[in-house]
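Chemist: just coords:
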C-alpha cells in the first residue's frame, strides 16, 4: 500500500478529473477499481492528487518531456530514462520506460543491455555519451568529470543537453518519490534485509577453536 492516502474520484480536484478519465477510464474511481492500461495500480495518480497544484506541476512535466517542441531525440531521452530507472532501482520508472522506449523505436537489444551498458557493444557513440551523462547525474549527483560533458557536447547541442538534464532530473525526482512513498511497482519491501539462520544466531555460539 502507498504510504499516503489515495484520493478517490469523488474527492479528486478538478485538475485530476480529466487525467483520471484518461488513465483509468471515464467515470472510474481508481481507488475502488485500481489499474491502468500499462498494468500499474495507478497509485502515482491517486496520491499526487492530494495536492492539486503539485498534481498540475507534475503532469505539466509529463506533457513537457514528450512535447513535439523538444529538440532532443526521443530514443536518446528514453535510453537515459531507462538507465535512470535502473540506477535508482525504481521498478516503476524502469518498467514504464521499457514500454516508452519501445514506442519510440529503441531496439530490444538496447533495452536489455541497459544494466551493463558500459560493456555492451550495441550502443552508438551518442547513446554511450547520454548513458555516461545519466550515470553522472544519478550516481555522482551531478559532480561529473568535464570529459563526460565534453563528449556529450560532441553529439548534442547546448539546447539538447539542457533538455536532457532537465528531463532526467525530473524523472530522478519521480523515481525517488515513488520509492519513498511506495507508489506503483515501487511498493516493495527492501531486499537488503537479514536472512535468519535456521537455528537462531550461530555467531553467538562461535568461540575460539580448541587447541590440542
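Modeler: Alright, I've got the coordinates. Predicted, not measured: the structure shown is a model, and the values here were computed from it.
Chemist: so which residue is dead centre in the chain?
Modeler: Centroid-nearest residue in the chain, with Cα atoms, centre = their mean: residue 93, separated by 2.6 Å.
Chemist: list the contacts of the longest helix seen in the chain.
Modeler: Using DSSP state H, we find that the single longest helix of the chain is helix 158-181. Around helix 158-181, the neighbours that count as contacts under Cβ atoms under 8 Å, 6 or more residues apart in numbering are 2-4, 44, 47, 58, 61, 65, 70-73, 76-77, 80-81, 84-85, 88-90, 92-93, 130, 133-134, 137-138, 149, 152-153, 156, 183-184, 186. (C-beta placed from N, C-alpha, C; glycine too.)
Chemist: please redo it, this time with the cut-off set to 6 Å
Modeler: 2-4, 61, 65, 70-72, 77, 80-81, 84, 88, 90, 92-93, 134, 137, 186 (Cβ atoms under 6 Å, 6 or more residues apart in numbering).
Chemist: quickly list the domain ranges of the chain.
Modeler: Following automatic domain parsing, one gets these domains for the chain: 9-65, 74-180.
Chemist: which ones are touching the residue nearest to residue 46 when sequence neighbours are not counted?
Modeler: For residue 46, ignoring the flanking residues on the chain, the nearest one in space by Cβ to Cβ, 6 or more residues apart in numbering is residue 6 at 3.8 Å. Counting by Cβ under 6 Å, 6+ apart, residue 6 touches 31, 46-47.
Chemist: for ChimeraX, write the select line for the buried members of these.
Modeler: Entered in ChimeraX, the line below selects the buried ones among the contacts of residue 6, by 16 or more other Cβ atoms under 10 Å:
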select :31,46,47
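Chemist: okay if I get the contacts of residue 6 as TSV plus distance to residue 161 and secondary structure?
Modeler: Formatted as TSV, the contacts of residue 6 follow (distance: Cβ to Cβ, whole Å; DSSP: H, G, I helix; E, B strand; the rest coil):
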residue	distance to residue 161	secondary structure
31	41	coil
46	35	helix
47	32	helix
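Chemist: buried ones in stretch 83-95?
Modeler: Within stretch 83-95, the residues that qualify as buried are 83-88, 90-95, counting by 16+ other Cβ under 10 Å.
Chemist: can you check stretch 96-112 too?
Modeler: Result for stretch 96-112 [16+ other Cβ under 10 Å]: buried residues 96-98, 100-101, 104, 106, 110-111.
Chemist: now render the buried residues of stretch 83-95 as a markdown table, adding secondary structure.
Modeler: Listed next are these as a markdown table, based on DSSP: H, G, I helix; E, B strand; the rest coil:
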| residue | secondary structure |
| --- | --- |
| 83 | helix |
| 84 | helix |
| 85 | helix |
| 86 | helix |
| 87 | helix |
| 88 | coil |
| 90 | coil |
| 91 | helix |
| 92 | helix |
| 93 | helix |
| 94 | helix |
| 95 | helix |
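Chemist: any idea which of these is closest to residue 211?
Modeler: Within the buried residues of stretch 83-95, proximity to residue 211 (Cβ to Cβ) peaks at residue 87, which comes in at 50.2 Å.
Chemist: mind checking pLDDT for the residue nearest to the closest one when sequence neighbours are not counted?
Modeler: Nearest residue to residue 87, sequence neighbours excluded (Cβ to Cβ, 6+ apart): residue 138, at 4.7 Å. pLDDT for residue 138: 97.
Chemist: any weak-confidence spans in the chain?
Modeler: Scanning the chain for pLDDT under 70 picks out 200-210, 212.
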